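J.: Predicted model, plus sequence, below.
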Amino acid sequence: QVQLQESGPGLVKPSQTLSLTCTVSGGSITTKFYYWSWSRRPPGKGLEWIGYIAYSGTTYYSPSLKSRTSISRDTSKNQFTLQLSSVTPEDTAVYYCAARRRGGTFAYWGQGTQVTVSS
């Protein structure tokens, strides 16, 4: 059973960079079965996909967030990290990491972590 856990600051100031880490247990982030993904749910809105990092280290981002997003990984710690730059209050959301199957469906989710952008 793969388990994912998000961690990072719950409060970020406008114009700063949001940084979250997802720690994976029960499976390796270098496995070819999954793409390691980030998504978010702003208050009162639907789930928005941010991007993912593949087993090879290749990254894919949502076009609407691509210019501000970077996803990286640390295979020695079995972790992958989201960085979102130049944040505004519109980036306030619950952020989730997940294991996405190659067919597009999601197999496992983290519990989510609230990030608020405010001065």
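T.: Noted; the coordinates are in hand. Residues are numbered from 1 along each chain as shown.
J.: any low-confidence regions in the chain?
T.: Nowhere does the chain drop to pLDDT under 70.
J.: show me the contacts for the spatially most central residue of the chain.
T.: The residue lying closest to the centre of the chain (C-alpha atoms, centre = their mean) is Trp38, at 2.7 Å. Listed by C-beta atoms under 8 Å, 6 or more residues apart in numbering, the contact set of Trp38 reads 20, 22, 49-52, 71, 82, 95-98. C-betas here are computed from N, CA, C, even on glycine.
J.: hang on, it in a strand?
T.: Yes: the assignment for Trp38 is a strand, going by DSSP: H, G, I helix; E, B strand; the rest coil.
J.: circling back: which one among the contacts of Trp38 gets closest to Lys32?
T.: Tyr52 (13.6 Å; C-beta to C-beta).
J.: Which residues are in contact with Ala93?
T.: So Ala93 contacts 40-43, 48, 114-115 (C-beta under 8 Å, 6+ apart).
J.: Leaving out sequence neighbours, find the closest residue to it.
T.: Once flanking residues are discounted, Ala93 sits nearest to Arg40: 3.9 Å by C-beta to C-beta, 6 or more residues apart in numbering.
J.: From Thr31, how far off is the one you found?
T.: Remark: distance between Arg40 and Thr31 (C-beta to C-beta, to the nearest Å) = 24 Å.
J.: Between the two, tell me which one has more neighbours.
T.: Neighbour count, other C-beta atoms under 10 Å: between Arg40 and Thr31, Arg40 has more, with 23 against 12.
J.: List the contacts of the more buried one.
T.: 47-48, 50, 93-96.
J.: Just the buried ones from these?
T.: Applying 16 or more other C-beta atoms under 10 Å to those, the neighbour count classes 50, 93-96 as buried.
J.: Among these, name the ones in strands.
T.: Under the assignment DSSP state E, the buried ones among the contacts of Arg40 contribute 50, 93-96 to strands.
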